[in-house]
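> would you be able to build a 3D model of this:
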Amino acid sequence: MELEERRKERELEQAKLEQKTQEHERQRQHEQMKHEQERQEHERQRQHEIELEQTKLEQQKFICEQNIMVQREIAHSQQTQREQEAIAREQRQAVLDQREESLANRINRYGQAVQYALTSMPCEVGELPSWFNMVENVWEKCDVPDDLKAKLLMPKLTSHAKPLIVRLSSDEQDLYETLRDFLLKQYQLGSREYRARFMHAGKKPGETWTSYTSRLKNLFQYTPSPVTFPVLMTCLIFASTTHCQIVFQCTH
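This is a model prediction of the structure:
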């Protein structure tokens, strides 16, 4: 009986010991599991921080690359703009050089064409109208362009006329009609003077009848008269053929 009780006590103690051992093992496993969870959580946080830091670095790298790319594009754009401006300047200069060369060549070519036909400006004021008519006939025969007429006329002006045209602007000096009208106005005679010159105009030695008629016509157009020049010429021809005397009355 006593042995049985001892055996039961030993079994009970053995059960308690095993229970304690199991409890201790469970606590150890729980602690180990908890520690592992904490370690894993810490690892996850560390990994998350690393990913955030890497993402931040990548963003900074991207922004830096974008800034570099923008700076390169700006520099390339500025360089392209400078090159285009340089090309445009060269093209404009080439056009100007070509225009100047072309203008010089044209002046030289037409100057050679009219140099023998175009006489110098007469010093006699009354001959200016006929001289300008002669000049315009030369322009027409040689087909001189309008932009060259004034330039070709300049060398033919008298030393007295050349200082007068400085009163005109450079653009006005390039226009033949403006230059012609200006000189005619500067040297214009009154109607009495033109009438007197017309009435006393005689045929010069060596002057052809065509030139003489043209000179009379030019003087007549500045002389107030109730008849036209063709009518006057008809009367003069009629008077010379019928041996009649005709009196030409000019009114003022």
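
> please enumerate the helices of the stretch 51-200 of the chain.
Along the stretch 51-200 of the chain, counting by DSSP state H, counting those that start in this stretch, helices occupy 128-142, 146-153, 161-164, 170-173, 176-186, 191-199.

> of all those, which one is nearest Cys64?
helix 170-173 (58.9 Å; CB to CB). Every residue, glycine included, has its C-beta placed from N, CA and C.

> centre of the chain to that closest one, how far?
21 Å (CA atoms, centre = their mean, to the nearest Å).

> quick one: closest of the helices of the stretch 51-200 of the chain to Lys217.
Of all the helices of the stretch 51-200 of the chain, helix 128-142 comes closest under CB to CB, at 8.0 Å.

> counting contacts, what elements does the closest one pack onto?
Here helix 128-142 touches helix 2-114, helix 176-186, helix 209-220, going by 3 or more CB pairs under 8 Å, 6 or more residues apart in numbering; DSSP states H and E.

> so for Gln29, which of the helices of the stretch 51-200 of the chain sits nearest?
Nearest of these (CB to CB): helix 170-173, 108.8 Å.

> pull out the buried residues from the closest one.
Gln173 (16 or more other CB atoms under 10 Å).

> tell me what that helix is packed against?
Partner elements for helix 170-173 (3+ CB pairs under 8 Å, 6+ apart): helix 176-186.

> what about 10 Å?
helix 146-153, helix 176-186 (3 or more CB pairs under 10 Å, 6 or more residues apart in numbering; DSSP states H and E).

> need the winner for burial among those.
Stretch with highest mean neighbour count among the helices and strands packed on helix 170-173: helix 146-153 (a mean of 18; mean count of other CB atoms under 10 Å).

> on that earlier part again, could I get the helices of the stretch 51-200 of the chain as JSON lines with distance to Thr210 and mean pLDDT?
Shown next, in JSON lines, are the helices of the stretch 51-200 of the chain (distance: least, CB to CB, whole Å; pLDDT from 0 to 100):
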{"stretch": "helix 128-142", "distance to Thr210": "12", "mean pLDDT": "88"}
{"stretch": "helix 146-153", "distance to Thr210": "23", "mean pLDDT": "91"}
{"stretch": "helix 161-164", "distance to Thr210": "27", "mean pLDDT": "90"}
{"stretch": "helix 170-173", "distance to Thr210": "32", "mean pLDDT": "90"}
{"stretch": "helix 176-186", "distance to Thr210": "23", "mean pLDDT": "89"}
{"stretch": "helix 191-199", "distance to Thr210": "18", "mean pLDDT": "68"}
